[in-house]
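Q: what follows is a protein structure lacking sequence information:
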Ligand SMILES: Nc1ncnc2c1ncn2[C@@H]1O[C@H](COP(=O)(O)OP(=O)(O)OP(=O)(O)O)[C@@H](O)[C@H]1O
């Protein structure tokens, strides 16, 4: 198997101990692109300077005209400045957007890299829809802030400072008037902008909740429809949509205030300067062209102020998203799954559970000291009532969760000493509700073994009787399956999962028995497939059916997270009351029906992440 390319770890994944503020984090995302962003800032500043010089040149034009001189030169300069300003603005916009796309690509790659490696306990407590929203929409807000927001704020600040300096050269007193007016407006803006940020954070959380609600509902679409629960599910999503709407309205209200304040600032400064400057012109302390030039500067300020306000607004949106993106950086991931472990060729190993204890977070013990040995190369069946702890033993064996006490050994080696990739390379796992991955039937088969030789594929297909299905499909193995292709039946999906598992030639095969949806013929085929796998590896299965239990070398009866009894079928029927009860209530019915058609020993619903 070739190892997948592993992208670099996230650019900014702070340790929980010292978390920098959101602004610093934002700078962290912009830092790798600082040269391009600086160039972008220079371009926008150059465009601003061309605007900044225009009032001065206009003043020359007016003075030349007032003196009866030719104004052709200054007018030509003015035209050149206007064209240069427009060109620079266009170039800057393209350049900045290009950088923004790079930033968001990196943010999304980092997020996806981490999300796919999240530890199972973390995945179990998170809603996938919410995690997806962080990749799709929060990353966009963050990207805008880290590029456009920072450049706009820098440009607005520098351009405004430049304009104020030039205005000071025209008339210091009028500059004082302008600064007083703008200062008042700025004070008001600092009250409003953080509110926008909080509103955006709330809106983003609600959008994440919409995603989570939809993910849950669409994932259980058949159950929703079968139970006529469309209205209830719609209401649940609508509640989140309304939350986003309310937060959006709040944000819009504050955004409107920002527009009003920034618009009013220039108008107010204009009126104040006109009044004071008019008096100065009347008293002869200021020339009319100088006042006009000053007023042009005041209008020019609308540009930098607009840039500053837009930049601050974008920053607020981004700062609201930073927390949600950064939180992913703090979620625990499996660090040890990205190296290609050595191929396994050894003989089947024994699997030992030695006084294993485990509790799910916030729950009582799921396993309270489980000890049993699955003999090397044998078939071991785990049976027990629903909730006894069967699936939990599989989760611990694959290091999805870690035991709180006790040891699990494969071939005598404690799996805690092996990397997760190593442990999982030795084990093939067939889930009860085995999912079909996107792609063709062949890609599904080769999912873990892309280089499996064709004869192995043919054998796996034959053993699982999928060869008949392949022959029926128009494009054979190249037929796309899953959501964008041919829909496979539950039984076909399960056989596909077993074929995939057999192709991996594992040391240990874990089978959460998936025979409930098979007809008798195919179930017989599966038994043969598992029997043939058992000649090459150690098989542990969560048994739901009589035929499996009677075929197993060893049966482990679990009850309330403990091993209640271990033995063969006849032995347990004779010695264990619970096993006998299970057999009496369900297995015997199966025998009467002819074995393979028997009902499951224990049924359980498909598990969904517990987080809502
Ligand atoms: N992800 C989880 N988070 C919290 N508790 C869990 C989780 N998975 C299982 N449990 C709890 O742990 C206990 C053992 O569950 P487990 O799934 O191992 O039982 P099981 O024997 O496999 O049951 P079934 O046959 O119904 O699948 C149960 O009380 C269950 O509610």
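A: Sure thing, it's come through. Because the structure is predicted, anything quoted here is derived from the model rather than measured.
Q: and this protein, which residues reach the ligand?
A: By C-beta under 6 Å from any ligand atom, the residues of the chain that approach the ligand are 124, 360, 363, 366, 384, 386-392, 602, 604, 610. For the C-beta atoms, the positions are set from N, CA and C on the backbone; glycine is no exception.
Q: which residue ranges of the stretch 401-550 of the chain form helices?
A: Counting by DSSP state H, counting those that start in this stretch, the stretch 401-550 of the chain has helices at residues 420-426, 441-445, 454-463, 467-472, 490-503, 520-534, 546-551.
Q: and the first one, how far out from the chain middle?
A: Spelled out, that is helix 420-426. With C-alpha atoms, centre = their mean, to the nearest Å as the basis, helix 420-426 stands 25 Å off its chain's centre.
Q: one more: the longest one?
A: In terms of C-alpha atoms, centre = their mean, the centre of helix 520-534 is found 39 Å from the chain centre.
Q: next one: stretch 123-142
A: 4 Å.
Q: what's the first-to-last distance across that stretch?
A: With C-alpha to C-alpha, to the nearest Å applied, stretch 123-142 spans 24 Å between its terminal residues.
Q: mind putting the helices of the stretch 401-550 of the chain in JSON lines, mean pLDDT included?
A: Shown next, in JSON lines, are the helices of the stretch 401-550 of the chain (pLDDT from 0 to 100):
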{"stretch": "helix 420-426", "mean pLDDT": "90"}
{"stretch": "helix 441-445", "mean pLDDT": "90"}
{"stretch": "helix 454-463", "mean pLDDT": "90"}
{"stretch": "helix 467-472", "mean pLDDT": "88"}
{"stretch": "helix 490-503", "mean pLDDT": "86"}
{"stretch": "helix 520-534", "mean pLDDT": "74"}
{"stretch": "helix 546-551", "mean pLDDT": "79"}
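Q: for residue 435, find the nearest of those helices.
A: Comparison of these against residue 435 by C-beta to C-beta identifies helix 490-503 as nearest, at 7.6 Å.
Q: quick one: the helices in the stretch 51-200 of the chain?
A: Using DSSP H, counting those that start in this stretch, helices in the stretch 51-200 of the chain cover 72-116, 120-125, 128-133, 139-144, 150-170, 172-219.
Q: out of the ones you listed, deepest packed?
A: helix 139-144 (a mean of 24; mean count of other C-beta atoms under 10 Å).
Q: other SSEs contacting that one?
A: Judged by 3 or more C-beta pairs under 8 Å, 6 or more residues apart in numbering; DSSP states H and E, helix 139-144 is in contact with helix 22-30, helix 72-116, helix 302-330.
Q: neighbours around the closest residue to residue 579 other than its chain neighbours, how many?
A: Nearest non-adjacent residue to residue 579, counting by C-beta to C-beta, 6 or more residues apart in numbering: residue 572, 4.2 Å away. By other C-beta atoms under 10 Å, 23 other residues sit near residue 572.
Q: is it true that residue 572 touches residue 554?
A: No. Applying C-beta atoms under 8 Å as the test, residue 572 and residue 554 come out as separate, 10.2 Å apart.
Q: how is this structure carved up into domains?
A: Here the domain parsing of the chain from automatic domain parsing is 22-330, 351-593.
Q: right, and residue 305 touches residue 267 too?
A: No. Counting by C-beta under 8 Å, residue 305 stays clear of residue 267, with 11.2 Å between them.
Q: of these two, who's got more company?
A: residue 305 (24 against 13).
Q: residues in contact with that one?
A: 156, 160, 182, 262, 265, 266 (C-beta atoms under 8 Å, 6 or more residues apart in numbering).
Q: tell me the phi and psi of the residue of the chain most remote from its centre?
A: Relative to the centre of the chain, the most outlying C-alpha is that of residue 68, 68.9 Å out, by C-alpha atoms, centre = their mean. Phi and psi for residue 68, reported as degrees, to the nearest 10, are phi 80, psi 20.
Q: which stretches of the stretch 351-500 of the chain form strands?
A: Secondary structure of the stretch 351-500 of the chain (DSSP state E, counting those that start in this stretch): strands at 351-359, 365-374, 379-383, 405-410, 413-414, 427-430, 439-440, 480-481.
Q: tell me which of these is the most buried.
A: Among the strands of the stretch 351-500 of the chain, strand 379-383 has the highest mean neighbour count (mean count of other C-beta under 10 Å), at a mean of 26.
Q: strands paired with it, and their directions?
A: Strands that pair with strand 379-383, judged by DSSP bridges, come out as strand 538-542 (parallel), strand 554-559 (parallel).
Q: residues making contact with that strand?
A: 351, 372, 374, 390, 393, 530-531, 534, 538-543, 548-549, 551-558, 579, 582, 601-602.
Q: tell me the contacts of the residue lying closest to residue 314 once chain neighbours are set aside?
A: Spatially, and ignoring its direct neighbours in sequence, residue 314 is nearest to residue 149 (3.6 Å; C-beta to C-beta, 6+ apart). In this structure, residue 149 makes contact with 26, 311, 312, 313, 314, 315, 317, 318, judged by C-beta under 8 Å, 6+ apart.
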